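[1] I need the structure of the sequence given here:
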Amino acid sequence: MTTDQAQPRLAVLILLFLFGYTIIIVNLYRIQVKYHSYYAHLGEQQYNQTIVTTPSRAPILDRNGDYLAMNKESYSAFMLPKQCENFDAAKAFIENHFPQAVERVSTHRNSNFVFIKRKLSDQEIECIKQSGTDDIKLLKEPHRYYPCPAAASIVGLTNVDNKGILGLELQYDALLSGQPTTCFLERDARMGHFYFKKETLKEGKSGEPIKLTLDQALQFLVAEELKQAMERVDAKGGAVIIMDPKTGDILSLVSMPSFDPNNTESLDIDHTKNKALSERYELGSVIKIFAALAAIEEGAVTNDELINCQGKRTGYVDGRKVNTVSPHGKIPFAEVIARSNNIGTATVVKRIEDKLYDHYVRLGFTRKTNIPLPGEQIGFVNHPSNWSKQSVLSLSYGYEIAITLLELARAFCIIANNGHEVEAQLMKESISEHNSSEQKKLYSQTSIDAIKDILEQTTTYGTSRRAAIKGYRIMSKTGTANMLENGIYNARKNLFTCGGIIQKGAYQRVIVAFVKEAAPQFRFASLVAAPLFERVAEKTVLHDKIV
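    From the prediction side, this is the model:
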């Protein structure tokens, strides 16, 4: 080849090299200058990673350290629709076995991930394993398990993501959940499990367990007794409270109807409420014991003073008609309360007039207990400024006063605790046991002794005879009240209550037993609530080994 022939070829080759270098330089400019931030971010995504680690949800414990709420692993079923080998076959299987998920799967046909169902049963897990399709996959997830369903209305519930939605699970969600840890990792882009650097961006915190005053075993036993009692009288609702009057500890707080926190597919939201504190009632004659306490403390009457009950079922007090169940003539005041005579009770309470209101306030009937459960109602007592001529009479035997069962139990604790103020406690770790000398004295010992004698007589021969237990001092009072419907009292729908104290030596427990809307043939609390009180008291002393 001649020199003249080689020179054009060399020029072309040089131009090609220059063109190639120009392309390279332009691309380097684009990558390193113009689109630097984009490619830098793309690179970071390949070898930088932020990982958020969520701590396990802390347990809820009873007073003995037994679990009321704990963590348990469950399986969930899911699909990766974009990666499905045979979407139609998987969909057909879902239509047969998980019909509730068909629409969700169909509308997410082009999604990367979709849940079919979470918290699968053992049968559902086995069904998926035997399905013959690899497109439906199983995933292990933590969820909440509740060993004591009887405490469901207190402990509450979490959703499928383990976030509190009811009860203490909701109230203390942040405390139980803790705080997640956020870490920054640098990894090899090709071999992602080789880490060059790990840095904690935000230090997490484990969830803190909470300990309640409840006794899991006692809660279960009481729930069984309440269930049987409601079945016996065909009742629509009921509740039982057990408290230690020295400390205010709530040992049992059962409300029915309730729900199973481990099976919430057909959950009735009304059944999630604990009616012992979320509803207030006019409770009838059980309130007489506190009206009597007020009259005794004011010096208006003594236990042995003869009171004229007029010897008839319908009498008149201060010109107002008052009905009572059984007629009595002149009987001691203690017997007036023991036999629950409305005429005699109203006659005595009329002597103290609006001071009765002051005592109801002193006993806590217009003040929440403020235990940390959502939905607690506050009691109502008709104020003297709104009284009619009838009001003081009605208030003496349990009308124009609507309180929660927990407020009632707290008031009985004051009597049991020799007149000292008692505050209800549900959180075990937040309180220390109080000596009575540290608590405010609300009533004199003379008045408390007198009212305890009346309560004991009521159990011995009065309306709460069926609450008696041989070998124990039982001080109790029953109450039967018509339910108010659309402003009218319905004589065929009643509330039945028996509240009081069981004592042996230094041992004391306050119990309130309540039944709502029993069958019409069960007309009085002496036939409904008093036997329930007796059964609960018996189970309590056996559980506590008090013999």
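[2] I'd like to know how far Leu408 sits from Leu363.
    9 Å (CB to CB, to the nearest Å). In short, each C-beta sits where N, CA and C put it, glycine included.
[3] Quick one: mean pLDDT over stretch 345-359.
    For stretch 345-359, mean pLDDT is 97.
[4] Okay, buried residues for that stretch please.
    Across stretch 345-359, burial judged by 16 or more other CB atoms under 10 Å covers 345-350, 352, 355-357, 359.
[5] So of those residues, which two are at opposite extremes in space?
    Farthest-apart pair in the buried residues of stretch 345-359 is Thr347 and Tyr357; separation 18.2 Å (CB to CB).
[6] what's the offset of stretch 336-356 from the middle of its chain?
    37 Å (CA atoms, centre = their mean, to the nearest Å).
[7] For it, measure first residue to last.
    18 Å (CA to CA, to the nearest Å).
[8] How about stretch 108-119?
    Rule used - CA to CA; the end-to-end distance of stretch 108-119 is 21 Å.
[9] Name the residues of that stretch that are buried.
    114, 116-119.
[10] As TSV, those residues with distance to Arg57 and pLDDT would be great.
    Converted to TSV, these look like this (distance: CB to CB, whole Å; pLDDT from 0 to 100):
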residue	distance to Arg57	pLDDT
Val114	25	80
Ile116	24	81
Lys117	21	82
Arg118	16	77
Lys119	15	77
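[11] Of the residues you listed, which pair is most distant in space?
    Val114 and Lys119 (16.3 Å).
[12] May I have the helix or strand encompassing Lys321 exported as PDB, CA atoms only?
    Per DSSP states H and E: Lys321 is located in strand 320-323. Extracted C-alpha coordinates of strand 320-323, given in PDB (Å, rounded to 0.1, in the frame of the first residue of the first chain):
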ATOM      1  CA  ARG A 320     -96.200  12.100  99.200                       C
ATOM      2  CA  LYS A 321     -97.300   8.600  98.400                       C
ATOM      3  CA  VAL A 322     -94.600   5.900  99.000                       C
ATOM      4  CA  ASN A 323     -95.000   2.300  98.100                       C
END
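[13] where does the stretch 401-547 of the chain have low pLDDT?
    429-437 (pLDDT under 70).
[14] quick one: average pLDDT of stretch 139-150?
    Stretch 139-150 shows a mean pLDDT of 87.
[15] Buried residues in that stretch, which are they?
    So for stretch 139-150, counting by 16+ other CB under 10 Å, buried means 143-144, 146, 148-150.
[16] returning to what we had before: JSON lines for the buried residues of stretch 108-119, including secondary structure and distance to Arg466?
    Formatted as JSON lines, the buried residues of stretch 108-119 follow (DSSP: H, G, I helix; E, B strand; the rest coil; distance: CB to CB, whole Å):
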{"residue": "Val114", "secondary structure": "strand", "distance to Arg466": "59"}
{"residue": "Ile116", "secondary structure": "strand", "distance to Arg466": "55"}
{"residue": "Lys117", "secondary structure": "strand", "distance to Arg466": "50"}
{"residue": "Arg118", "secondary structure": "coil", "distance to Arg466": "49"}
{"residue": "Lys119", "secondary structure": "coil", "distance to Arg466": "45"}
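[17] before we move on, the earlier item: between the buried residues of stretch 139-150, which is nearest Gly207?
    If you rank the buried residues of stretch 139-150 by distance to Gly207 using CB to CB, Arg144 comes first, at 12.0 Å.
[18] my guess is that closest one meets Met70, correct?
    Yes: if you go by CB atoms under 8 Å, Arg144 and Met70 touch, sitting 7.5 Å apart.
[19] Longest helix of this protein, counting residues only.
    helix 3-29 (DSSP state H).
[20] For that helix, name the packing helices and strands.
    Packing contacts for helix 3-29, counted by 3 or more CB pairs under 8 Å, 6 or more residues apart in numbering; DSSP states H and E, involve no helix or strand.
[21] The spatially most central residue of the chain: what's it in contact with?
    For the chain, the residue nearest the mean C-alpha position is Ile154 (2.2 Å; CA atoms, centre = their mean). Taking CB atoms under 8 Å, 6 or more residues apart in numbering, we find Ile154 in contact with 167-168, 212, 214, 253, 274, 373, 426.
[22] Try it again at 10 Å.
    60, 68, 148, 166-169, 212, 214, 219, 250, 252-255, 258, 274, 276-277, 371, 373, 426 (CB atoms under 10 Å, 6 or more residues apart in numbering).
[23] what does Gln83 give?
    Neighbouring residues of Gln83 by CB under 10 Å, 6+ apart: 112-113, 135.
[24] Verify the stated contact: His359 with Ala295.
    Yes: using CB atoms under 10 Å, His359 makes contact with Ala295 at a distance of 8.8 Å.
[25] Give the residues shared as contacts by the two.
    Ile352.
[26] can you list the domain ranges for the chain.
    55-211, 216-543 (automatic domain parsing).
[27] Pull up the per-residue confidence for the residue nearest to Gly178 when sequence neighbours are not counted.
    Of all residues not flanking Gly178 in the chain, Gly207 sits nearest, at 3.6 Å (CB to CB, 6 or more residues apart in numbering). We have a pLDDT of 86 for Gly207.
[28] that's a helix at Gly207, yeah?
    No: assigned with DSSP: H, G, I helix; E, B strand; the rest coil, Gly207 falls outside any helix and is coil.
[29] List the contacts of it.
    54-59, 71, 172-179.
[30] Separate out the buried members of those.
    Buried, going by 16+ other CB under 10 Å: 57-59, 172-173, 176-178, out of these.
[31] Can you tell me which of those residues is closest to Leu393?
    Tyr172 (45.0 Å).
[32] nearest residue to the closest one other than its sequence neighbours?
    Tyr172's closest residue in space is Ile210 (CB to CB, 6+ apart), at 5.7 Å.
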